[in-house]
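K.L.:
Next comes the sequence, and after it the predicted model I'd like to discuss.
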Amino acid sequence: MAGRRENEAIRHRFRGQDMPKRTIADAMSNEGYRRGRQAARPVRPRSGAHNATAAMRSPVAYVRERDLPGLVALWPHEIADRSMAGRKALLKKLHRAMRAERQRGLAGHWTYSLARHAQLLVAFRAEKLELAGLLETTSGGRGAR
């Protein structure tokens with residue numbers, strides 16, 4: 001509810017006239033007025049969205065030579081490098097790109113792309129799995145920590 005002085009000021013302003021049904025003070029009070037952004041509504045998945053989530057779960061859909069150049073700025077020798085150091089450097093770059101994309105999404109920036117974010121996640125998971133497999137084979141099956 002509006003304060004007493006605000007109500008008196010409004011009555012004084014509309015003296016001799018019919019008061020409007022909804023005054024500014026009423027509109028600004030908490031009753032029936034939502035301040036700030038509206039509460040987020042749940043988003044209904046579009047048709048075909050299940051295919052995107054399946055692709056995100058499956059690293060088989062990821063081909064390094066095809067997918068990486070469009071996601072992260074890399075030289076051809078960086079893409080071809082399948083050594084442990086090369087994979088770790090690539091994981092760092094993918095992690096930075098995912099972090100930047102996540103920040104754009106949280107900020108509601110117009111350049112945010114859900115498709116790019118999903119592709120980055122698929123690439124990151126696939127590269128991480130391949131690095132884990134490489135670590136396992138180099139450590140003799142003992143598991144790396």
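P.N.:
Looks like it arrived, so ask away.
K.L.:
mean confidence for the helix or strand where residue 85 lies?
P.N.:
Taking DSSP states H and E as the criterion, the element that holds residue 85 is helix 84-107. In this model, helix 84-107 has a mean pLDDT of 95.
K.L.:
Which other helices and strands does that helix contact?
P.N.:
On a contact count with 3 or more C-beta pairs under 8 Å, 6 or more residues apart in numbering; DSSP states H and E, helix 84-107 meets helix 64-71, helix 76-80, helix 114-138. From N, CA and C alone the C-beta is placed, and that goes for glycine too.
K.L.:
Could you give me the buried positions within that helix?
P.N.:
Within helix 84-107, the residues that count as buried by 16 or more other C-beta atoms under 10 Å are 87, 90-91, 93-94, 97-98, 101, 104.
K.L.:
quick one: which of these is nearest to residue 77?
P.N.:
The closest of the buried residues of helix 84-107 to residue 77 turns out to be residue 90 (C-beta to C-beta; 11.8 Å).
K.L.:
OK, contacts around that closest one?
P.N.:
68, 72, 74, 78, 81, 127 (C-beta atoms under 8 Å, 6 or more residues apart in numbering).
K.L.:
try 7 Å this time
P.N.:
78, 127 (C-beta atoms under 7 Å, 6 or more residues apart in numbering).
K.L.:
Any idea how many residues pack against residue 126?
P.N.:
Neighbourhood size, residue 126 [other C-beta atoms under 10 Å]: 19.
K.L.:
again, but for residue 112
P.N.:
Residue 112: 16 neighbours (other C-beta under 10 Å).
K.L.:
can you tell me the helix or strand for it?
P.N.:
Going by DSSP H and E, residue 112 is not part of any helix or strand.
K.L.:
unless I'm mixing things up, it is touching residue 104, no?
P.N.:
Yes - counting by C-beta atoms under 7 Å, residue 104 is a contact partner of residue 112 at 4.1 Å.
K.L.:
how does this structure divide up, domain by domain?
P.N.:
1-38, 49-138 (automatic domain parsing).
K.L.:
Mean pLDDT lowest where, among those domains?
P.N.:
domain 1-38 (a mean of 58).
K.L.:
Thank you, goodbye.
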